[in-house]
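J.: the following comprises the amino acid sequence and a computationally predicted model.
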Amino acid sequence: MSVVPSTSCFHTSPVLPKRFAFALVTALEFATHSSAESYWTHLLQNGSNIERTLNAVKAKLDATCVDQVLQKCAPNKPLLGLRFFIWAGLQPNYRHSSYMYAKAAKLFDINHNPKIVTDVVKTYGAEGCLVSVKTFKIVLNLCQKANLAEEGLWVLRKMNDFNCRPDTTAYNVVIRLFSNKGYMDVAADLMREMGVVNLYPDMITYVAMIKGFCDAGRLEEACALEKFMRKNGCSPNVVVYSALIDGVCRFGSLERALELLQEMEKMDGECKPNIVTYTSVIQCFCEKSRSLEALHILDRMMASGCFPNRVTMTTLIKGLCGEGYLEEAYKLIDKVVAGGCVSYSECHSSLVLCLLGVKNFEEAEKLFRRMLASAIKPDSLASSTMIKSLCLRGRVLDGLYFYNEIEKLGCMSSVDTDIYSILLAGLCNESHLVEAANLARVMIERRIQLKTPYVEYIIKHLKNSGEKELVSHFAGIAK
């Protein structure tokens, strides 16, 4: 028979692990703080060409350390901080995340102070600093985060001054910046320039260009570029086709969009349309009051093994409601829910909101009541909007009833806290003071603050009803 060792061999007093964990966290925080202080002190003590001497600092470099150094530099020494950020991104054991690029761009307010980008490059030249292609890529990534197209192009042009040859990645950053701004002539010139310097556009280049042409309504050029990429051995993927379809839907004909969709459906692998592609086409049909035809696209979508999500369903439900096809909306929901794609809770919540949006309050209320009676949980937005709508119509007791029913279903916690104040104000206004006092106690118990516009009014009514304790609580918060 095997012997089971005593658990005391493995478990110590529960106090020790807590103390150890606290000590470990404290030590790590101190180490990070010390590293940041070491780099900060070095930056202050070494003027020119700091990059050459920063490697001498024997301190741990991680995202927290970089963040702390940037925080110290941002107020009065942003250029110094930016140089440290670029140097840190060049180190072999550390790499900036997308979050850190965004953080640096925000801390140095690069979007409103783009001159700092050109200043840092000029400083490198003035001090004879050793600069690499990777250095410029870090600067370009900052331009991308700050959406600085002109500065990005300036940086790209400056690379040759430092004997750094721009590569496809560098060009892609600048092309994407101009494409996103709609400056497609500049982007096209840069793409042609790539061929002159023996660089080849890749999928990222083509996607940026085609999406840019589509967004600018230049569909012929977008389609021509799609054919061009095929001739050059770069097969379009689902992103390229989705961009084309989206552009054709918005600026061309829906029939042409269906032709492109059919082409994709005949393809294999990563070119087959996905849920984003189908939903984009469905949305365009619904926006042009052709929601019944959009239902046929849904059928094609499901037949291909691609199933709708809530975004797809909300798009269809909104389109059908807007055109008055309420019966078709209900049939659609039953069909899709039966297939297990989405729930009644999601679909009926969307339908309630759409009905309210088209001013069909009576049907929205009926549906909401059926949901509660069938224990179908409405989502937070549908619940909040319905209760608020009732209160605005002077039916605060019905709003309170819905509140209580939602509470029973256990989903009131997700409802907008503004609703409590709206309900409470309505109950006070209609002199339902017992109900108002009960709701106020729930708010206090759940630590839900009374919204500022209602404070004075509610306190006045609670005071008149003799609820001194509630008045004292809300008055204390208001101060």
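T.: Perfect, thanks for sending it. Numbering: from 1, shown residues only.

J.: ok, Leu82 - contacts?
T.: 73, 104, 108, 116, 120, 142 (C-beta atoms under 8 Å, 6 or more residues apart in numbering). From N, CA and C alone the C-beta is placed, and that goes for glycine too.

J.: er, Val139 actually
T.: For Val139, the residues meeting the contact criterion (C-beta under 8 Å, 6+ apart) are 86, 117, 120-121, 155.

J.: what does Leu261 give?
T.: 245, 273, 277-278, 281, 297, 300.

J.: now the helix or strand harbouring it, how far from the chain's geometric center?
T.: Taking DSSP states H and E as the criterion, the element that holds Leu261 is helix 254-266. Chain-centre distance of helix 254-266: 29 Å, with C-alpha atoms, centre = their mean, to the nearest Å.

J.: off-centre distance for the next helix or strand along the chain from it?
T.: Stepping forward along the backbone from helix 254-266, the first helix or strand reached (DSSP H and E) is helix 275-287. Computed by C-alpha atoms, centre = their mean, the chain-centroid distance of helix 275-287 equals 20 Å.

J.: now the angle from helix 275-287 to helix 254-266?
T.: For helix 275-287 against helix 254-266, the angle between stretch directions is 160 degrees (axes from the mean of the first three to the mean of the last three C-alpha atoms, to 10 degrees).

J.: how about residues contacting helix 275-287?
T.: Helix 275-287 has contacts (C-beta under 8 Å, 6+ apart) with 238, 241-242, 245-246, 249-250, 254, 257-258, 261, 264, 291, 293-294, 297-298, 300-301, 306-309, 311-312, 315-316, 318-320, 322.

J.: before we move on, back to that, so which of the contacts of Leu82 are in helices?
T.: Those of the contacts of Leu82 mapping onto helices are 73, 104, 116, 120, 142, per DSSP state H.

J.: mind putting these in a markdown table, distance to Val131 and neighbour count included?
T.: Below are the ones in helices among the contacts of Leu82 laid out as a markdown table (distance: C-beta to C-beta, whole Å; neighbours: other C-beta atoms under 10 Å):
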| residue | distance to Val131 | neighbour count |
| --- | --- | --- |
| Cys73 | 20 | 23 |
| Ala104 | 18 | 28 |
| Ile116 | 17 | 17 |
| Val120 | 10 | 21 |
| Leu142 | 15 | 27 |
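
J.: re earlier: mark which of the contacts of helix 275-287 are buried, thanks.
T.: For the contacts of helix 275-287, a burial check counting by 16 or more other C-beta atoms under 10 Å picks out 238, 241-242, 245-246, 249, 254, 257-258, 261, 264, 291, 294, 297-298, 300-301, 306-308, 312, 315-316, 318-320.

J.: just the helices from the stretch 101-250 of the chain, written as ranges.
T.: Taking DSSP state H, counting those that start in this stretch as the criterion, the stretch 101-250 of the chain carries its helices at 115-127, 133-146, 149-158, 168-181, 184-196, 203-215, 219-231, 238-251.

J.: and those, which one is worst for confidence?
T.: Out of those, helix 238-251 stands lowest, with a mean of 87 (criterion: mean pLDDT).

J.: hey, C-alpha coordinates of it in PDB?
T.: These are the backbone C-alpha positions of helix 238-251, laid out as PDB (Å, rounded to 0.1, in the frame of the first residue of the first chain):
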ATOM      1  CA  VAL A 238     -10.400  38.000 -49.000                       C
ATOM      2  CA  VAL A 239      -9.300  41.400 -47.700                       C
ATOM      3  CA  VAL A 240      -8.700  42.700 -51.200                       C
ATOM      4  CA  TYR A 241     -12.000  41.300 -52.400                       C
ATOM      5  CA  SER A 242     -13.900  42.600 -49.400                       C
ATOM      6  CA  ALA A 243     -12.500  46.100 -50.000                       C
ATOM      7  CA  LEU A 244     -13.500  46.000 -53.600                       C
ATOM      8  CA  ILE A 245     -17.000  44.800 -52.800                       C
ATOM      9  CA  ASP A 246     -17.400  47.400 -50.100                       C
ATOM     10  CA  GLY A 247     -16.300  50.100 -52.600                       C
ATOM     11  CA  VAL A 248     -18.500  48.900 -55.400                       C
ATOM     12  CA  CYS A 249     -21.500  48.700 -53.000                       C
ATOM     13  CA  ARG A 250     -21.000  52.300 -51.900                       C
ATOM     14  CA  PHE A 251     -20.000  53.900 -55.200                       C
END
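
J.: if I look at Leu423, how far off is Cys65?
T.: Using C-beta to C-beta, to the nearest Å, one gets 49 Å for the distance from Leu423 to Cys65.

J.: hmm, I was thinking of Met301
T.: Here the criterion is C-beta to C-beta. By it, Met301 lies 49 Å from Cys65.

J.: okay, and the residue nearest the centre of the chain sits in which element?
T.: Centroid check for the chain by C-alpha atoms, centre = their mean gives Tyr99 as the closest residue, at 12.9 Å. Element membership of Tyr99 [criterion: DSSP H and E] is helix 98-107.

J.: in that helix, what's buried?
T.: Neighbour counts over helix 98-107 (16+ other C-beta under 10 Å) mark 100-101, 103-105, 107 as buried.

J.: and for stretch 371-381?
T.: Buried residues in stretch 371-381, defined by neighbour count with 16+ other C-beta under 10 Å: 371-372, 376-380.

J.: can you check stretch 402-411 too?
T.: Of the residues in stretch 402-411, those buried under the neighbour-count criterion (16+ other C-beta under 10 Å) are 402-403, 405-406.

J.: and the furthest pair within the residues you listed?
T.: In the buried residues of stretch 402-411, the most distant members under the criterion C-beta to C-beta are Tyr403 and Glu405, with 7.4 Å between them.

J.: skip ahead from the host helix or strand of Lys366 and say which helix or strand is next.
T.: Using DSSP H and E, Lys366 maps to helix 361-373. Heading C-terminal from helix 361-373, the first helix or strand you meet, by DSSP H and E, is helix 380-392.

J.: can you show me the CA trace of the very next helix or strand once past that following helix as CSV?
T.: Sequence-wise, the next helix or strand downstream of helix 380-392 (DSSP H and E) is helix 396-408. The C-alpha trace of helix 396-408 is given here as CSV (Å, rounded to 0.1, in the frame of the first residue of the first chain):
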residue,chain,number,x,y,z
VAL,A,396,-43.2,55.5,-14.8
LEU,A,397,-45.0,52.6,-13.0
ASP,A,398,-44.8,50.5,-16.1
GLY,A,399,-41.1,51.4,-16.2
LEU,A,400,-40.8,50.3,-12.6
TYR,A,401,-42.6,47.0,-13.5
PHE,A,402,-40.1,46.3,-16.3
TYR,A,403,-37.3,47.2,-13.9
ASN,A,404,-38.6,44.6,-11.4
GLU,A,405,-39.0,41.9,-14.0
ILE,A,406,-35.6,42.5,-15.4
GLU,A,407,-34.3,42.3,-11.8
LYS,A,408,-35.9,38.9,-11.5
